[in-house]
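K.L.:
requesting a structural model of the entry that follows:
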Amino acid sequence: MPYTYLVTYDIPDDDRRSDISDPLAAHGARVQYSVFEVTLPTKKDVQRLRGPLRRRMDRDEDQIRLYPPAGSRS
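P.N.:
Residues are numbered from 1 along each chain as shown. Below you'll find the predicted structure:
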C-alpha cells in the first residue's frame with residue numbers, strides 16, 4: 001500500500017526553494033504554491049525523499065513538514 005503525505009515548506013531563498021520543490025514535483029502534485037501531495041510506494045522511498053530534502057534545507061531559515069493526510073497510514 002502506498003504512503004501519501006502532504007509536504008509543506010517555508011523557504012525564503014529562491015535557489016533553495018527550487019532545490020526543494022523540484023524533487024517534490026517529481027514525486028507528486030502541487031496543490032498550493034508551497035504544498036505538494038506526494039505518494040510513494042514504500043516507507044523506504046519516503047526516507048529516500050526526506051534525506052535529500054533535509055540536506056538541501058538551511059535548518060536555521062527553512063521549514064519543511066510532511067503530514068500524512070487524515071485516514072492514511074504514515
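K.L.:
what number of residues lie near R55?
P.N.:
By other CB atoms under 10 Å, 8 other residues sit near R55. Every residue, glycine included, has its C-beta placed from N, CA and C.
K.L.:
quick check on it: phi, psi?
P.N.:
phi -70, psi -30 (degrees, to the nearest 10).
K.L.:
give the buried residues for the longest strand anywhere in the chain.
P.N.:
With secondary structure taken from DSSP state E, the chain has its longest strand at strand 3-10. Residues of strand 3-10 classed as buried: Y3, T4, Y5, L6, V7, Y9 (neighbour count, 16 or more other CB atoms under 10 Å).
K.L.:
in TSV, list the residues you listed along with distance to R54 and pLDDT.
P.N.:
Putting the buried residues of strand 3-10 into TSV (distance: CB to CB, whole Å; pLDDT from 0 to 100) gives the following:
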residue	distance to R54	pLDDT
Y3	17	90
T4	20	93
Y5	15	94
L6	17	95
V7	12	96
Y9	12	97
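K.L.:
hang on, the earlier thing: what angle do strand 3-10 and the helix or strand just after the longest strand of the chain make with each other?
P.N.:
Scanning forward in sequence from strand 3-10 by DSSP states H and E, the next helix or strand is helix 14-27. Counting by axes from the mean of the first three to the mean of the last three CA atoms, to 10 degrees, helix 14-27 lies at 160 degrees to strand 3-10.
K.L.:
if we can go back for a sec, helices or strands next to the longest strand of the chain in the packing?
P.N.:
Under the contact criterion of 3 or more CB pairs under 8 Å, 6 or more residues apart in numbering; DSSP states H and E, strand 3-10 touches helix 14-27, strand 35-40, helix 43-56, strand 63-67.
K.L.:
run the chain-centre distance for the first one.
P.N.:
Same thing as helix 14-27. Relative to the centre of its chain, helix 14-27 is centred 9 Å away, using CA atoms, centre = their mean, to the nearest Å.
K.L.:
which helix or strand lies directly C-terminal to that helix?
P.N.:
Sequence order places strand 28-32 as the next helix or strand after helix 14-27, per DSSP H and E.
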